[in-house]
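Colleague: Would you be able to build a 3D model of this:
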Amino acid sequence: MIFWLIMREGLSVGIVSPSYKRHRYPVEIISHCVWLYFRFPLSFREVEELMLERGVIVSHETVRRWCAKSGQAYANALRRRQPRPGDKWHLDEVFVKINGEQKYLWRAVDAAGNVLDILVQNRRDKAAAQRFFRRLIKKTRTVPRVIVTDKLRSYSAAHRQVMPLVEHRSHKGLNNRAENSHQPTRQRERAMKGFRSVGGAQRFLSAFSGISPHFRPRRHLVSAHGYRAEMTVRFAIWDQVTGVAGLPSTP
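Modeller: Next comes the predicted model:
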């Protein structure tokens, strides 16, 4: 019953299934491999091994190409289904090691914990903060009522230039929501033993931040039955955005 309710809702918003032309593997296998890679801290070779255990022979390089081609498209489709961002945004930045060099990962989430955007940059100065602010406004097509940051001075300087009418609350203790949002990225960064390039990190994290949270409901806030029901809905949505739900049923 839940599945068909989701199907009806999806059709009403005009879901367009991704194209799988010239792919010799079924859609279900492509979707499952991409889900495994972005949902769990697995390497491409580990995904290859898991699929082999299921009787599916696919190389790790093929899995890599599927994730590079379809990961961002799936993440974008999931983001389009999210509710409109709240008017209170939490921003934070952390350092990441990329090919041995220190870079900075900027992240913004709303009050519900939904990731609004991420951006990998070389610095965390005023220019970097301005660039992130403008990117956020352009991507969300809205301006928040309040932004919450830590005490990094770059935020205050960029705030005065880009969104001076927005209330700015600068306090270390108020920004736990954005800081907690970094944890899955840190876990994945350790599993991958770091990122090799800025572009590769940006592409992976952009897809990862759209897919991984979809399968991470706040489990501690619901019962086991409620969690299973919620995950059933989320898997049905995943089948929609990947095109699996549109396949004809087997007799």
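Colleague: Which helix or which strand is home to the nearest residue to residue 81 once chain neighbours are set aside?
Modeller: In space, and not counting its chain neighbours, residue 81 is closest to residue 237: 6.5 Å by C-beta to C-beta, 6 or more residues apart in numbering. (Glycine included, C-beta is placed from N, CA and C.) Applying DSSP states H and E as the criterion places residue 237 in helix 224-242.
Colleague: just to revisit the earlier point, measure the residue nearest to residue 81 to residue 196 for me?
Modeller: 32 Å (C-beta to C-beta, to the nearest Å).
Colleague: how does this structure divide into domains?
Modeller: The domain map for the chain lists 2-81+217-246, 88-206, with the assignment taken from automatic domain parsing.
Colleague: ok so, going back, the residue nearest to residue 81 - how many residues pack around it?
Modeller: 21 (other C-beta atoms under 10 Å).
Colleague: Same question for the one 4 residues further on.
Modeller: The number of residues packed around residue 241, counting by other C-beta under 10 Å, is 25.
Colleague: can you list the domains of the chain in CSV and add mean pLDDT?
Modeller: Converted to CSV, the domains of the chain look like this (pLDDT from 0 to 100):
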stretch, mean pLDDT
domain 2-81+217-246, 85
domain 88-206, 89
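Colleague: which of the residues in stretch 191-205 are buried?
Modeller: Within stretch 191-205, the residues scored as buried using 16 or more other C-beta atoms under 10 Å are 195, 198, 201, 202, 203, 204, 205.
Colleague: now stretch 225-235
Modeller: 234, 235.
Colleague: And the strands in this structure?
Modeller: 88-98, 101-110, 115-121, 146-149, 167-170 (DSSP state E).
Colleague: Sheet partners, orientation included, of the third one?
Modeller: Which is strand 115-121. Applying DSSP bridges, strand 115-121 is found paired with strand 101-110 (antiparallel).
Colleague: in the partner strand, what counts as buried?
Modeller: 103, 104, 105, 106, 107, 108, 109, 110.
Colleague: Let me see the contact set for the last one.
Modeller: Same thing as residue 110. The contact partners of residue 110, by C-beta atoms under 8 Å, 6 or more residues apart in numbering, come to 85, 86, 88, 89, 90, 116.
Colleague: Can you tell me how far residue 112 is from residue 90?
Modeller: 10 Å.
Colleague: export the buried residues of strand 101-110 to CSV and tack on distance to residue 72?
Modeller: CSV is the format used below for these (distance: C-beta to C-beta, whole Å):
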residue, distance to residue 72
103, 20
104, 22
105, 17
106, 18
107, 17
108, 18
109, 19
110, 21
